[in-house]
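J.: Generate coordinates for the sequence data below:
(one chain, ligands or ions: 1)
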Amino acid sequence: MSDGQPSPAAASGQIVVSGLTKVYRNVRAVDNLSFTVEPGRVTGFLGPNGAGKTTTLRMLLNLVTPTAGTATIGGRRYADLTDPVRHVGAVLEASSAHKSRTGINHLRVICAAAGLPKQRADEALELVGLTPAAKRKFKGYSLGMRQRLGIAAAMLGDPQVLMLDEPANGLDPEGIRWMRGFLRNLAAQGRTVLVSSHLLSEMQLLADDVVIIAAGRLVRQGPVETVIGSMAESARVRVRTPQADELVAALGEHDAQVQRTEDGALLVDGVDAPTVGRAALAAKVELHELTTERPDLEGVFLELTSGKAAIR
Ligand SMILES: Nc1ncnc2c1ncn2[C@@H]1O[C@H](COP(=O)(O)OP(=O)(O)OP(=O)(O)O)[C@@H](O)[C@H]1O
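T.: You can find the predicted model right below:
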């Protein structure tokens, strides 16, 4: 901007990836990738193994140099941020620390190196619920505690933007529930939260938006519900009735396509549940079940990425 004011993107902590490409020898790990990540939302960064998620995050954090394209956080490249730890926190892999160092000392060492006040170590530990284990040695931490310590380290600078690479890996259901609540809370505070994962069912519960990639390329991005809804296979209706033949005949007048399942239910495409209910009522057909089945993110993801993972 010409008036010297920060652009809205700079103020907001928006992430913008534009034409981003990384070529390793013959592998196009990331291939002309463009997407945006909005503040105040949790964005799931999804893709099968080898899709290029980690490489993209590493380019965002200036740990890998792009072959082409740009990645900016709040309007600036990571390398151009004046005080990056105060803008961006990242958890790239399960936290590692000196084995015989305590959790609190691990964080204090990072604070000292980053020029942050010492009390941020206590605050960050409190934030992730590790205060009771502050003086225990890292080697005695469970995987879940190590993940929390990694998040505490990322939060030391109270950053506007948080990026996590597969944070749910190896966590038990309680740990995953905690992580979900923690990240949702950060987004509710207006922060930008970008989480990579191949755990699609988890993303369906956690994310507001998804960016789906395969073989380094963008497959789909948008709000979770929109991405699911955009699939060709929209909602279908499952029906159970002791008068299946009569219902199939009645639905024939509504342009519906009906399949019979092995367990005797009918799957109806092309019409919604109220239409099926009305058709049944008009034909005096007794119904035992009438449900709308929506494709879940797992199904959408597999359909969108199938075949692409094996390209290279
Ligand atoms: N340093 C490197 N040298 C050569 N090839 C690499 C390097 N880093 C990544 N790749 C390749 O780039 C592609 C993308 O890898 P990347 O780790 O970014 O994928 P990912 O989506 O994070 O996968 P995963 O879920 O398995 O971690 C893969 O084919 C990988 O083998």
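
J.: Which stretches in this protein count as strands?
T.: Using DSSP state E, the strands assigned to the chain run over residues 15-24, 27-37, 42-46, 68-73, 88-91, 161-165, 192-197, 209-214, 217-223, 236-240, 257-260, 266-269, 289-293.

J.: Most tightly packed of those?
T.: Scoring these by mean neighbour count under mean count of other C-beta atoms under 10 Å gives strand 42-46 as the most buried, with a mean of 27. C-beta here means a position set from N, CA and C on the backbone, and glycine is covered the same way.

J.: Show the contacting residues for the closest residue to Arg220 other than its chain neighbours.
T.: Here the nearest residue to Arg220 in space, its sequence neighbours aside, is Ile212; by C-beta to C-beta, 6 or more residues apart in numbering that works out to 4.6 Å. Taking C-beta atoms under 8 Å, 6 or more residues apart in numbering as the contact definition, Ile212 lies against 46-47, 218-221, 227, 301, 304-305.

J.: Just grab the bridge partners of Ile212 for me.
T.: Bridge pairing for Ile212 (DSSP bridges) gives the partners Leu46, Arg220.

J.: Let me have the strands of the chain in TSV, adding mean pLDDT and distance to the ligand as columns.
T.: As requested, the strands of the chain are exported to TSV (pLDDT from 0 to 100; distance: least, C-beta to the nearest ligand atom, whole Å):
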stretch	mean pLDDT	distance to the ligand
strand 15-24	97	3
strand 27-37	96	3
strand 42-46	96	9
strand 68-73	96	14
strand 88-91	94	14
strand 161-165	96	7
strand 192-197	95	7
strand 209-214	94	7
strand 217-223	93	12
strand 236-240	94	31
strand 257-260	92	35
strand 266-269	93	33
strand 289-293	92	29
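
J.: What residues does the chain have near the ligand?
T.: 24, 27, 29, 47, 49-55, 198 (C-beta under 6 Å from any ligand atom).

J.: Of the residues you listed, just the buried ones, PyMOL syntax please.
T.: Restricted to buried positions by 16 or more other C-beta atoms under 10 Å, the PyMOL selection for these reads:
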select buried, resi 29+47+50+51+52+53+54+55+198
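
J.: Lowest-confidence entry in the residues of the chain next to the ligand?
T.: Within those, His198 has the lowest pLDDT, namely 81.

J.: Would you quantify the distance from it to Glu286?
T.: Applying C-beta to C-beta, to the nearest Å, one obtains 44 Å for the distance of His198 from Glu286.

J.: which residue packs closest to Val64, ignoring adjacent ones?
T.: Per C-beta to C-beta, 6+ apart, closest to Val64 is Arg58, 4.1 Å.

J.: how many neighbours does that neighbour have?
T.: For Arg58, the neighbour count with other C-beta atoms under 10 Å is 20.

J.: so Glu289 makes contact with Arg238?
T.: Yes - with contacts counted by C-beta atoms under 8 Å, Glu289 reaches Arg238, the gap being 6.5 Å.

J.: ok, and what's touching stretch 172-184?
T.: Contacts made with stretch 172-184 from outside it, assessed by C-beta under 8 Å, 6+ apart, are listed as 42, 128-129, 143-144, 147-148, 151, 162, 164, 167-168, 171, 193, 195, 202, 205-206.

J.: what's near enough to touch Arg28?
T.: Here Arg28 is in contact with 21-22, 215-216, 312 (criterion: C-beta under 8 Å, 6+ apart).

J.: Then Ala133?
T.: Applying C-beta under 8 Å, 6+ apart, one finds that Ala133 lies in contact with 103, 141, 145.

J.: Go ahead and confirm the second one touches Gly103.
T.: Yes - applying C-beta under 8 Å as the test, Tyr141 and Gly103 come out as touching, 6.9 Å apart.
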